[in-house]
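K.L.:
Below are the sequence and a predicted model for it; my questions follow.
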There are 2 protein chains.
Amino acid sequence: MSVPRIVILGAGYGGLMAAKGLAKELNENEADITLVNQNGYHYITTKLHEPAAGTAHHDHARISIPSIIDSNRIKFVRDCVTGIHLDKKVVQLKNNDSLLYDYLVIGLGSVPETFGIRGLLENSYSIRNINSVRIIRQHMEYMFSRYALEKRQELITIVVGGAGFTGIEYVGELVDRMPELCHDYDIPLEKVRIINIEAAPSVLPGFDQELVDYAVKYLESKGVEFIVNTPIEECTEDGVILKGGREIKAATVVWTGGVRGNKLVEDSGIETMRGRAKVDRYLQAPGYDQIYVIGDCSLVFPDENSRPYPPTAQMSMQQGKYLGRELAKVVRGGKMEQPFEYKPKGTVASLGRKEAIGVVGDRKIIGGTAALIKKFIEIRWLFLLGGVSLVLRKGTL
Amino acid sequence: MSVPRIVILGAGYGGLMAAKGLAKELNENEADITLVNQNGYHYITTKLHEPAAGTAHHDHARISIPSIIDSNRIKFVRDCVTGIHLDKKVVQLKNNDSLLYDYLVIGLGSVPETFGIRGLLENSYSIRNINSVRIIRQHMEYMFSRYALEKRQELITIVVGGAGFTGIEYVGELVDRMPELCHDYDIPLEKVRIINIEAAPSVLPGFDQELVDYAVKYLESKGVEFIVNTPIEECTEDGVILKGGREIKAATVVWTGGVRGNKLVEDSGIETMRGRAKVDRYLQAPGYDQIYVIGDCSLVFPDENSRPYPPTAQMSMQQGKYLGRELAKVVRGGKMEQPFEYKPKGTVASLGRKEAIGVVGDRKIIGGTAALIKKFIEIRWLFLLGGVSLVLRKGTL
């Protein structure tokens, strides 16, 4: 009798937690566990705004997958998923043979949501993965290096589209980076323009107003310009055109305005909204048994009448942890004992290295305290992944 | 009675040596000395290939001018020269008032010589000054950062046009940089192509054949491809087209194929060849008294039947030192006692950090010894400019 095959697609927060959890619960006679990921590393999405601005090397935001999994229990396949065939229970890979599974966990992350903005994919960058943030940083520095010769303002103008979590954290990081960058390229700091554009009436939509005011005041004091209530209508080679026709010339446009689920989910036939599967209470894809969707590919609602939870690392981690525990029961022939329930533990948005805003439980936190808690959250993730040794190797304060 | 005004244009090797020499020889009742330079810093041309490749920060190749001159004796004007009017004895500046002079020393450096290659100025970079090498480095890194996503070979192909001194030194530096750069951008080292193209039958034309062979063998062992005896016919947005029609696609093309004198010299009415003034034995511009031309703007011949000396830092330094001593005599009402005579002390070309080739006196040197002598030459220049303190501040081994 063959051992059930669990295949996990994607080594993000959810996929890694699920793989590690299942490997802990099930022994080798109970299940084969295969983890598929495009890169040999996991990247820490919540830190990507740092290498994107150049305040940290991108190696601080990635961790070699073989270094944090038990290779006796989890088979790691470094490959790109090209198709999911639910009817045949097969995952198509780009370079290796296809994989057969009995249980499938889909955690393939997200792609930028363009909201129909013309030219966005062609002319803007997004804070999405290690490859994309390296390009943002190098593009920006290349533009800054040209300023001394060409003296065109757009070379040192950065437009950040979207003032949600990623947008604000990136802007905060840019503010920290600029003094050094300007010094390096002999550019007067006050000449640089950082413009954050948001379609909603306020930055950080949905966040506590007092904290939003703190963030805006702090970032404005560092020279950031906010334009709210104004959708971007088009992104061109020269910059952006706002609703109403105003043009802002900028050599660097970074889009942080939202994400949609990986197209592979939609293409597999699973019913989706914005590319995300509206999973059931056990994280199963609607209409499919033994197919679980987690992370940015999944859509979880607090209740029937509410908007879905936003896709966050915290959500993915809790989903992965849940599957690690409950899916093990199913594999053993039992069933899931309790449905998935998301427990929001709080949110902290960094504003550069030493400032942050956040809510933890019922408490609002700001400034250095919030920045410290943000660091603590990062270090906790490193600890979950690789214990104390990984914290010592990758953690920074 | 007013004090004679000496105006020195350009704070390169020659201009700085002349200014410092004159300030030492003449007291404030004998002459006013004004040094004009576009930037607030002197840059060490012989080190520019390092920041261009990214093996050193560009600040290692520049020195603040006020930190190395005696501001009581030398008035430093940071401005861009826009015209030299020899008939009115006036130098036109961009931002300040124009300057009147009694004695003029022109050391305004060089610009790339295109040899009529189509598209060269538009589509290639040159190792010319701090601004230009910052752009080369950032452009190259931006291209490398895009490779992981786009996978196009031309993004990680670098064409260096010209295998003279600068070309070979830059290629040597690139070879040193590549392992780190490839690691940073997850690029297999063997995929990178560095192609050095030379129109002459051999690299380092005019250099000792044994040393040339050593350099070529070393650089080829590191993966560099040499194409000699082949002029570049056109430089396009996609790369270069060689004589005969062969196209090499490369996102980064760096031209090191030669220089011509600053156009201001030609425009002033001084007779020039390739923008360089064929100065007399006292470094005077042909047909003008009290107008001296030094460095890359000047053309010095060993004798009537020989080719001119190549423009080098060594030549500029000796010319500047000569003027510092002999022009002082003229200003005091005397005349120059001896004509300028260039004394070649040897040449060393670096091949990255730990390798070099050279000739010192009659001795050929290679490898680590040559690399050490190259460092010694650099440190000697720092010592001449700013004494031991500058050596300690800027010197590296």
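P.N.:
Nice, I can see it. Everything numeric here is computed off the predicted structure, so don't read it as measured data.
K.L.:
in stretch A:72-80, what counts as buried?
P.N.:
For stretch A:72-80, the buried set under the neighbour-count rule, 16 or more other CB atoms under 10 Å in any protein chain shown, comprises A:Arg73, A:Ile74, A:Lys75, A:Phe76, A:Val77, A:Arg78, A:Asp79. To be clear about C-beta, it is placed using only N, CA and C from the backbone, and glycine gets the same treatment.
K.L.:
Kindly report the same for stretch A:45-58.
P.N.:
Residues of stretch A:45-58 classed as buried: A:45-56, A:58 (neighbour count, 16+ other CB under 10 Å).
K.L.:
Kindly report the same for stretch A:288-308.
P.N.:
Neighbour-count burial for stretch A:288-308, with 16+ other CB under 10 Å as criterion, is recorded at A:Tyr288, A:Gln290, A:Ile291, A:Tyr292, A:Val293, A:Ile294, A:Gly295, A:Asp296, A:Cys297, A:Ser298, A:Leu299, A:Val300.
K.L.:
And those, which is closest to A:Arg274?
P.N.:
The shortest gap between A:Arg274 and any of those belongs to A:Leu299, at 8.0 Å (CB to CB).
K.L.:
Chain neighbours aside, what residue packs nearest to the closest one?
P.N.:
Here the nearest residue to A:Leu299 in space, its sequence neighbours aside, is A:Arg276; by CB to CB, 6 or more residues apart in numbering or on different chains that works out to 4.2 Å.
K.L.:
Surely that neighbour is in contact with A:Gly295?
P.N.:
No. Under the criterion of CB atoms under 8 Å, A:Arg276 makes no contact with A:Gly295, lying 9.4 Å away.
K.L.:
Quick check: neighbours shared by these two?
P.N.:
Common contact partners of A:Arg276 and A:Gly295 (CB atoms under 8 Å, 6 or more residues apart in numbering or on different chains): A:Pro311.
K.L.:
and of the buried residues of stretch A:72-80, the nearest to chain B?
P.N.:
Of all the buried residues of stretch A:72-80, A:Arg78 has the smallest distance to chain B: 12.0 Å, by CB to the nearest CB.
K.L.:
Who is that closest one paired with across the strands?
P.N.:
Judged by DSSP bridges, the bridge partners of A:Arg78 are A:Asn37.
K.L.:
For it, list the residues it contacts.
P.N.:
For A:Arg78, the contacting residues are A:Val36, A:Asn37, A:Gln38, A:Asn39, A:Gly40, A:Ile65, by CB under 8 Å, 6+ apart.
K.L.:
picking up where we left off before, quick one, phi psi at the residue nearest to A:Leu299?
P.N.:
In terms of degrees, to the nearest 10, the main-chain angles of A:Arg276 are phi -110, psi 140.
K.L.:
Output the below-cut-off pLDDT ranges for chain A.
P.N.:
For chain A, applying pLDDT under 70 flags the ranges A:1, A:396-397.
K.L.:
picking up where we left off before, find the pair from the buried residues of stretch A:288-308 with maximum spatial separation.
P.N.:
Longest distance between any two of the buried residues of stretch A:288-308 is 21.2 Å, between A:Gln290 and A:Asp296; criterion CB to CB.
K.L.:
any idea how far A:Gly368 lies from A:Ser350?
P.N.:
11 Å (CB to CB, to the nearest Å).
K.L.:
Which residues belonging to the helix ranked longest in chain A are considered buried?
P.N.:
The longest helix of chain A (DSSP state H) is helix A:367-394. Buried residues in helix A:367-394, counting neighbours by 16+ other CB under 10 Å, are found at A:370-371, A:373-375, A:377-379, A:381-382, A:384-386, A:390-391, A:394.
K.L.:
ok, now stretch A:32-43?
P.N.:
Within stretch A:32-43, the residues that qualify as buried by neighbour count (16+ other CB under 10 Å) are A:Asp32, A:Ile33, A:Thr34, A:Leu35, A:Val36, A:Asn37, A:Gln38, A:Asn39, A:Tyr41, A:His42, A:Tyr43.
K.L.:
Which of those fall in strands?
P.N.:
Taking DSSP state E as the definition of strands, the buried residues of stretch A:32-43 contribute A:Asp32, A:Ile33, A:Thr34, A:Leu35, A:Val36, A:Asn37, A:Tyr41, A:His42, A:Tyr43.
K.L.:
which residues does the first one contact?
P.N.:
Contacts here follow CB under 8 Å, 6+ apart; on that basis A:Asp32 touches A:Val3, A:Pro4, A:Arg5, A:Ile6, A:Lys75.
K.L.:
now swap in the fourth one and tell me
P.N.:
A:Leu35 makes contacts with A:Ile8, A:Ala11, A:Gly15, A:Leu16, A:Ala19, A:Ile65, A:Ile69, A:Ile74, A:Lys75, A:Phe76, A:Val77, as judged by CB under 8 Å, 6+ apart.
K.L.:
redo that, cut-off 7 Å
P.N.:
Residues counted as contacts of A:Leu35 (CB atoms under 7 Å, 6 or more residues apart in numbering or on different chains) are A:Ile8, A:Ala11, A:Gly15, A:Ala19, A:Ile69, A:Ile74, A:Phe76.
K.L.:
mind listing which of those are in strands?
P.N.:
Short answer: the contacts of A:Leu35 in strands (DSSP E) are A:Ile8, A:Ile74, A:Phe76.
K.L.:
B:Gly167: which of the buried residues of stretch A:45-58 is nearest?
P.N.:
After measuring those against B:Gly167 - CB to CB - the closest member comes out as A:Gly54, at 30.4 Å.
K.L.:
Show me which residues of chain A are close to chain B?
P.N.:
If contacts are counted using CB under 7 Å from any CB of the partner chain, the residues of chain A sitting beside chain B are A:Asn131, A:Arg134, A:Ile135, A:Gln138, A:His139, A:Glu141, A:Tyr142, A:Ser145, A:Arg146, A:Ala148, A:Leu149, A:Tyr185.
K.L.:
secondary structure element for the fifth one?
P.N.:
Assigned by DSSP states H and E, A:His139 belongs to helix A:130-150.
K.L.:
how about that helix as PDB, C-alpha atoms only?
P.N.:
This file holds the C-alpha atoms of helix A:130-150, laid out as PDB (Å, rounded to 0.1, in the frame of the first residue of the first chain):
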ATOM      1  CA  ILE A 130      13.500  39.400  -4.400                       C
ATOM      2  CA  ASN A 131      13.900  39.900  -8.100                       C
ATOM      3  CA  SER A 132      11.500  42.800  -8.300                       C
ATOM      4  CA  VAL A 133      12.900  44.700  -5.300                       C
ATOM      5  CA  ARG A 134      16.500  44.400  -6.600                       C
ATOM      6  CA  ILE A 135      15.300  45.900  -9.900                       C
ATOM      7  CA  ILE A 136      13.500  48.800  -8.100                       C
ATOM      8  CA  ARG A 137      16.600  49.700  -6.100                       C
ATOM      9  CA  GLN A 138      19.000  49.500  -9.000                       C
ATOM     10  CA  HIS A 139      16.600  51.400 -11.300                       C
ATOM     11  CA  MET A 140      16.300  54.100  -8.700                       C
ATOM     12  CA  GLU A 141      20.000  54.400  -8.200                       C
ATOM     13  CA  TYR A 142      20.700  54.400 -11.900                       C
ATOM     14  CA  MET A 143      18.300  57.300 -12.300                       C
ATOM     15  CA  PHE A 144      19.900  59.200  -9.400                       C
ATOM     16  CA  SER A 145      23.400  58.600 -10.900                       C
ATOM     17  CA  ARG A 146      22.200  60.300 -14.100                       C
ATOM     18  CA  TYR A 147      21.000  63.400 -12.300                       C
ATOM     19  CA  ALA A 148      24.400  65.000 -11.900                       C
ATOM     20  CA  LEU A 149      24.800  65.100 -15.700                       C
ATOM     21  CA  GLU A 150      21.300  65.500 -17.000                       C
END
